[in-house]
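Undergrad: no sequence on this one, just coordinates:
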C-alpha cells in the first residue's frame, strides 16, 4: 500500500505550494476483556486514512480523507490548497517564513513477543486467569481484566522529498476491581486511567506480573472498604510512579506546552501560568527536579523517531536542577515564538492536524531508595494510582485523588487509608519536592488518554518517574 | 454516504455471510470543516471526510465486532467489509458464548433527515475575522454534514443525517479572563454572529475591573446554565447508569437507596425527541422519546443498555453501552434570569465551571474550577471579576438542601465535542441559585 501511495502522492503534487505533506496512518487494535469471568466479545479495529497539509500563499490548510484512491488523494490536496490560499491573509503565521523538515528514515518501536500473534484462546486464557485471581472473595462487585493491543504504521511524505516510515506495537493491560460493602464502594486498578500502557508485546504482561498483580489489586480493594478516610492536614506525601505520571502530566507537561502559551488552547484546554520570559530563568521546582522529553526511552508508550511535522525526536532536558529551560513546542510553534522546543508536533490520528503534545515526559531518577524516602517522613501519606484529577485552565490550582493510601508515621508505613486526596498550586508545589527516588523506584508508564485541541484530539502519552517525596502538602480524605 | 449507498453496503454484508450467521452494522460519518482561530486570525483550517462502521457477526450466543474505516467509495468499502467478515468468521468459533448478549429482535426502522443550510466554511472565516477585529477571539468553527446508520440481519434499517454548525469561541480580556459564547444550529445566520460578538464585547467591559480574590469558604452563588451543565455532565457519567448502580459505583447510589434526596423541584429527563442525535443506538434499539431520570428530587429511572438488560434482568430502554444521557434536560424553575442578580444579593456569579471530577464518588462530592467570567456580586450588582477558585461540593447538596432557586429559562447547549467525530449530544438546563458553594483554594 505505502509504495503505491508514495507514487500517487508524487504524481499528484501540484506546482505552486511551498510545502505539501502527506501523513498516512494504518492502525489495527484489538480489545480483549474478561469481566466477572465472562469473556466479552472481542473488538477488532482497523483505521486507515491520510492527512494532507499544504502551505501556500502564506496560509496553511489541511484535508483528511479515508479515500486513498488517486482521485481521493488529488481531491484532498486540492481542498487543502483551497484552504491555504483562502486564509493566507488572516493566518496566525505566514507560512512562507517556515522551512519544514524533509526527513528520510525508518523507525520501529520495540517488541519481543507479539501478543496479537498468539492464538485467541491463549490470550483469553491469560485474561481469564487474571480475572479469576481478582475474585474468590466476598464484597467484590465487579472485576475485569483487559488488554488493548495495537499496531500502528505511519508514512510521512513531503513535497521536498521527505519520506519516513514508522511502526509501533503497543499494549495497554488493565485490571479493575470494584468492592462494595454497606453501600460504600471502592475501586482499585493496575494503572488508574489505563496507565500501564507501553510499547511492546506480550512481555509487557510479564513485566507487570499480570496475574499475580490481580491478587494484590483485589486485596487492596478489599482493604479500602474497611479503611479509615485519609486524614486532613498539612503533611508530607510520597507519590508512587503511578500518581507521579498524573502529577507530571497536568502540572508540568500541560503548562509548558508552547501552543497553550501562544494562546491556541484558551477556548478549550486552557492557557498556562508559564509565560515566554520564564524559559531559561524560572525556577520551576527544587534543585532535585530534572524533567526530560524522551522519545527514545525504551518501551515508553509515546516513543517515535520523528514527530508528525517531520522533526527528528531527540531527548532533551526541559527542566534541569529545577530550572525551566525549554517548552514542549514543535516546529511551527517554535517559529511563532522564536524559541527552541522539541519534536512534539503530534496528531491523534490521520483525521486530525498535529499540535503541540506531550510525548514521553519523564522525571529523572535520583539516588534515594523507597525505604529511605519513607524513612525521611515524620508524618505523611504514601499515595498510589491516580483516581481523580482536576486543575485550573492555567494549570496552576490542582486537586488530585488516589486509589490507595498508606499512612506514614515516624518513618514507617502504617495502615491503609481510603480516599487520599491532596491539593496545591503548580507554581509552588514542585519547589516542595524534597527527595527523588532512585532507579529501583522508577517505572515506565503511559496512558492512551490525553485530551486537548480544537478539533478535539485524544492521544497517548508516556510518563516515567521514580517515587517522589513532597513536603508540607494539603491532604484530605472523603466525606465522613 | 447516503441512505442508498449505505444500503448497498448492507446488502453486500448480508450476501457475503454464510447461512446461520447474523449481523449488526452500525456506521457513521461526516464531512466536516474545522477552523481554529486565535487572536481573531486563523490558526488551522481544514476539512475531514471520514466514515466508520462496526460490523458485528453473530453465531447464536457467540459474537465479535470488527470496526473499520469507510472510504466513501463503494467498491473499496465492500472490499474492506469482506476482509472484516473473513477476519471475524475465522475468530468466531473460538469466542465463548456470551450469556449477556441481547439483540434487537423487533424490526423498528426509523428515518430522520434534517434539511440544512450549511454555508461555505470560507465565508464563515471571513465573517468571524471581520467581527473579531480588535478583539482577542479564540475558538473553533465546526460545520458540515454527518450521518448515522444501523442495519441488522432481521431487515431493520435506521438512518439519520443532519447538517450542523457550531462556532464555539471566547473573547479573551487578559490572561484567563474571557467571555465564552457559542452560536450554531442547522443554518448560518450572519446577523446572529454580529449580535453574539456584540454581546460578548459588552460583557468584556465587566472584566475591566481588577480581579478580586476571596478567601476559601462557602458563598451564595448563581450558577449560569453552562455551569449547571458541567455539574450535570459529571453526574451523568455514572449517575443514571444501571450498570454503575448494580456495581455500587454510581455517584447517585445513596439517592437510589433513598438515603438522600434532591430538592423536590429537580426534574431530569433524557429527552431524545428534543435532542440533536439519532433515535436509535448502536445495537439497533430504538430510544423512547423520553426517560425520566429524576422526579420530585428522587431517582425515577435509569439508563439501561441491552447488555445490562441481559446481565441484570432489567428492561432495556435504548441506552448506549455507556449508559449516559445524550440529550439531558433539567426542568426550569421560577426565578427569571433578569432577577437572578437581585436574588443572589451578595455572592458569586459563576458563568462557567471547568474540569470537574470526584473528590469522593460515594458521597457525590465533586471538585472543579470556576472559569472565564466569574464575578463578585454585592447587593445585586457585579462588583469585580473573581480570580479562578476551586470548589469542592456535594452534588446532593447543590441540587438538594443548598438549592435556593432554579432559573425560569433554560439554555440549549449543543455539545462542542469533536473527539473522533462531531458529537450530536446536547443538554438543556436552567441556571441555579445555591445557598452555599464551598471554595477550597
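TA: Nice, I can see it. Not measured: the values here are computed from a predicted model.

Undergrad: Tell me where the model's unsure across the chain.
TA: Chain wasn't specified; assuming chain A. A:1, A:480 (pLDDT under 70).

Undergrad: now the helices: where do they sit in it?
TA: In chain A, helices defined by DSSP state H lie at A:2-12, A:70-87, A:120-133, A:203-207, A:210-226, A:241-248, A:258-261, A:331-337, A:370-375, A:426-429, listed in chain order.

Undergrad: quick one: is the third one near chain B?
TA: Okay, so that is helix A:120-133. Yes. Applying C-beta under 8 Å from any C-beta of the partner chain, one finds that helix A:120-133 is in contact with chain B at A:120-121, A:124. No exception for glycine: its C-beta is placed from N, CA and C like everyone else's.

Undergrad: Closest one of those to chain B?
TA: residue A:120 (4.6 Å; C-beta to the nearest C-beta).

Undergrad: The helices of chain A: which one's closest to residue B:284?
TA: Nearest to residue B:284 among the helices of chain A is helix A:120-133; the distance by C-beta to C-beta comes to 26.2 Å.

Undergrad: what does the closest one rub up against?
TA: Residues outside helix A:120-133 that contact it (C-beta atoms under 8 Å, 6 or more residues apart in numbering or on different chains): A:32-37, A:39, A:42, A:115, A:143-147, A:175, A:205, A:210-215, A:218, B:91, B:94-96.

Undergrad: Which of the residues you listed are buried? Put it as a ChimeraX command.
TA: In ChimeraX, a selection of the buried entries from the contacts of helix A:120-133 looks like this (16 or more other C-beta atoms under 10 Å in any protein chain shown):
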select /A:32,33,34,35,36,39,42,115,143,144,145,146,147,175,205,210,211,213,214,215,218 /B:91,95
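
Undergrad: Out of the contacts of helix A:120-133, which sit inside strands?
TA: Judged by DSSP state E, strands contain the following of these: A:32-35, A:39, A:143-147, A:175.

Undergrad: so which of those residues also contact chain B?
TA: residue A:39.

Undergrad: and the helix or strand containing residue B:30, what other elements does it pack with?
TA: Element membership of residue B:30, judged by DSSP states H and E, is strand B:22-38. Here strand B:22-38 touches helix B:3-16, strand B:41-59, helix B:121-131, strand B:137-152, going by 3 or more C-beta pairs under 8 Å, 6 or more residues apart in numbering or on different chains; DSSP states H and E.

Undergrad: Return the distance of the second one from the chain's centre.
TA: Okay, so that is strand B:41-59. 18 Å (C-alpha atoms, centre = their mean, to the nearest Å).

Undergrad: if we can go back for a sec, any chance of TSV for the helices and strands packed on strand B:22-38, columns mean neighbour count and mean pLDDT?
TA: Listed next are these as TSV, based on neighbours: other C-beta atoms under 10 Å in any protein chain shown; pLDDT from 0 to 100:
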stretch	mean neighbour count	mean pLDDT
helix B:3-16	16	97
strand B:41-59	24	98
helix B:121-131	18	96
strand B:137-152	24	97
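
Undergrad: and these as JSON lines, adding distance to chain A?
TA: Formatted as JSON lines, the helices and strands packed on strand B:22-38 follow (distance: least, C-beta to the nearest C-beta, whole Å):
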{"stretch": "helix B:3-16", "distance to chain A": "13"}
{"stretch": "strand B:41-59", "distance to chain A": "4"}
{"stretch": "helix B:121-131", "distance to chain A": "5"}
{"stretch": "strand B:137-152", "distance to chain A": "4"}
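
Undergrad: what's near enough to touch the closest residue to chain A within the stretch 201-350 of chain B?
TA: Closest to chain A within the stretch 201-350 of chain B is residue B:248: 3.6 Å, counting by C-beta to the nearest C-beta. Residue B:248 makes contact with A:141, A:178, A:180, A:183-185, according to C-beta under 8 Å, 6+ apart.
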